[in-house]
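Asks: Fold the following for me, if possible:
(one chain, ligands or ions: 1)
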Amino acid sequence: MGANPNVSVHPDLPAQTFWGFNRGGTNFATDPPLSPGPTIVARYGAPILVRRFNQLPPQNQNGGFGVPETSTHLHNFHSGPDSDGGPCDPVQARFFRRGQYYDYYYYTMQYAGFDSTHPPYGDVREALSTLWYHDHRVDHTAENVYKGLAGMHLNFDEFDTGDENTGLHLPTFPAFDIPLVLADKLFDPDTGLLCFDTFGLDGLVGDTQLVNGKVQPFLEVQKRRYRFRVLDSGPSRTYQLFLTNPDNPAQSIPFWQISTDGNLLPRPLEVKSVLLGVSARTDVIIDFKKIAERFGNPSRIRLENRLEVVNGRKPTGKIFAAGQGIPVLEFRILGGAVTDNSFDPEPVSSPRVPASVTDNVFAPIALPPIDNITPRITRRFNFERGNGQWQINDQFMDCRRFRFRFERNTWERWVLQNPDDGWQHPIHIHLEEFRIVRRNNRLIGPGDPDFGRHDVVQTEGCGGDRDPDPVPRLPRRLPDALPQHRPRGPPDDAPL
Ligand SMILES: [Cu+2]
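Replies: Below is the predicted model:
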């Protein structure tokens, strides 16, 4: 990873300095750092090692923001903790500094549970597909990701093969299976240069939308199905994405959502929009042949964010009229018929076909049933500000303290509570996925986009709509005096 001072995001803006990842060469002149970084393409059963060299510039040459100490997180893969790229240092020694490298033994590339004590040994139902990697240096993740240290990581296997003639017949990668990294950036109106507020505590809302490093680009597409893997790479903006015909905004154009985060849904959903919070991903199928046939053969269709956001705290809730939102990407539809051997989600999509708990359209990748399980324990996580910073259950993040442990082969119920209506938080749990059972007072059932496996969830403020099983306020504790560099081993099930 290094700095690239010659990035062009738009012809009307000057050359920008981004930090990024190159393809592994030693010469940045011929192999420049890219942002987003190169897409890592992995396959279950084929382990990989990624050696990352930190060749970032010194901090005093960072152009105002960015910290050249890095820890590259592979968001949600089941890695060993030392290869997760978690935020903690020095105790867990996951940072590396300028001039150093770090080996990520990612990746076992085994399904979760490969070393289980009981069958199945490696559960294909837990296959992960659309992941991303990003810097995760504690306290500086937002600015380093904003500076460019992020990229996509895609996993294939014998079912989700990347070839539309085999397996689940999803559109062929990379011709018709395309990652879209959405990024919200702020450019200084005087200099035209990328800027960031390192003192801002309310998140940052940009004035310019980038997709794969370009401002509002276009993509030429053929009249067939495409799989787009959409990532909200932050830093703060929530998107609600629609398809808009700019020449006829009254048209309401459907598409098909097939995943949440890294996980295929049990049944595709026919949707008019998808809601995407920071760090979340969704895979969608857009069928430009059907759009051409049903919507008067438009020459262009835009992916439009119609959700109003005025600060980094949360969206206002207002949905702009079609054509009045922020277009992030324009699809230019080419003429002529082309072959398409990919799976058509429409005939099996919900609500056309009623969704049920036993759905497994993408079998064997499916949702393990949870209706007959009894959680061993309920843990409660209360997200609030204290002393000017975010806290969980009145405590600050502390890399030196492990607050609880889990027991293998058990289920846990976690209540993530955001009592403050003024904020939304994307809550991400490393190394494991979860199911959303209830959101505020609403049970999540089949056919809901939340009815799938997630690794990040946007917790809306619950305001007056409290959990019916109320979370008792924990007594506010005084900060503990911490021993230096000595992790405490808590007993199992210690209160968080
Ligand atoms: Cu993660």
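
Asks: what is I301 paired to in the beta sheet?
Replies: For I301, the beta-bridge partners under DSSP bridges are F331.

Asks: got the residues of the stretch 201-350 of the chain near the ion?
Replies: Within the stretch 201-350 of the chain, no position is near the ion by Cβ under 5 Å from the ion. Placement of C-beta: from N, CA and C, glycine included.

Asks: Residue of the stretch 201-350 of the chain closest to the ion, please.
Replies: As assessed by Cβ to the ion, the ion sits closest to S279 within the stretch 201-350 of the chain, at 8.0 Å.

Asks: what's around that residue, how many residues?
Replies: S279: 22 surrounding residues under other Cβ atoms under 10 Å.

Asks: If we go by neighbour counts, what in stretch 2-11 is buried?
Replies: 2-4, 7, 9 (16 or more other Cβ atoms under 10 Å).

Asks: pLDDT on that stretch, on average?
Replies: Per-region confidence: stretch 2-11 scores 97 on mean pLDDT.

Asks: what do you get for stretch 132-150?
Replies: Stretch 132-150 comes out at a mean pLDDT of 95.

Asks: and the end-to-end length of that stretch?
Replies: With Cα to Cα, to the nearest Å applied, stretch 132-150 spans 7 Å between its terminal residues.

Asks: quick one: that stretch near the ion?
Replies: No. For stretch 132-150, no contact with the ion is found by Cβ under 5 Å from the ion; the gap never falls below 7.9 Å.

Asks: can you tell me the helix or strand for the one residue in the stretch 351-496 of the chain that gets nearest to the ion?
Replies: Here the residue of the stretch 351-496 of the chain nearest the ion is H430; by Cβ to the ion that distance is 4.3 Å. Using DSSP states H and E, no element contains H430; it sits outside every helix and strand.

Asks: And it, its phi and psi?
Replies: Phi and psi for H430, reported as degrees, to the nearest 10, are phi -70, psi 150.

Asks: distance of it from V221?
Replies: Separation of H430 from V221 (Cβ to Cβ, to the nearest Å) stands at 35 Å.

Asks: Also G335?
Replies: G335 is 11 Å from V221, by Cβ to Cβ.

Asks: ok, these two, which is more surrounded?
Replies: In terms of neighbours (other Cβ under 10 Å), V221 is the more surrounded of G335 and V221; the figures are 20 against 9.

Asks: Do I have it right that L243 meets R302?
Replies: Yes. Between L243 and R302 there is a contact under Cβ atoms under 8 Å: 7.2 Å.

Asks: what number of residues lie near L334?
Replies: 12.

Asks: host element of it?
Replies: strand 326-337.

Asks: Which residues outside that strand are in contact with it?
Replies: The contact list for strand 326-337 (Cβ atoms under 8 Å, 6 or more residues apart in numbering) reads 180, 182, 209, 211, 216-223, 239, 241, 244, 246, 286, 288, 291-292, 297-306.

Asks: go again using 6 Å as the cut-off
Replies: Applying Cβ atoms under 6 Å, 6 or more residues apart in numbering, the contact partners of strand 326-337 are 209, 211, 218-222, 288, 299-305.

Asks: PyMOL command to pick out the buried ones of those?
Replies: Those of the contacts of strand 326-337 that count as buried under 16+ other Cβ under 10 Å are selected in PyMOL with:
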select buried, resi 209+211+221+222+288+301+302+303+304+305
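
Asks: Just the contacts of strand 326-337: which are in strands?
Replies: Taking DSSP state E as the definition of strands, those contribute 209, 211, 218-222, 300-305.

Asks: Present the residues you listed as TSV; the columns should include pLDDT and distance to T166.
Replies: What follows is the ones in strands among the contacts of strand 326-337, written out as TSV (pLDDT from 0 to 100; distance: Cβ to Cβ, whole Å):
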residue	pLDDT	distance to T166
Q209	95	35
V211	98	29
F218	97	31
L219	98	25
E220	98	26
V221	98	23
Q222	98	21
R300	98	32
I301	98	29
R302	98	32
L303	98	28
E304	98	34
N305	98	34
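
Asks: Just the pLDDT at whichever residue of the stretch 51-200 of the chain sits closest to the ion, thanks.
Replies: Distances between the stretch 51-200 of the chain and the ion by Cβ to the ion are smallest at H75, namely 3.9 Å. pLDDT for H75: 95.

Asks: which ones are touching the nearest residue to it once chain neighbours are set aside?
Replies: When the adjacent residues along the chain are set aside, H75 lies closest to W132, with 5.1 Å between them (Cβ to Cβ, 6 or more residues apart in numbering). W132 is in contact with 75, 152, 231, counting by Cβ under 6 Å, 6+ apart.
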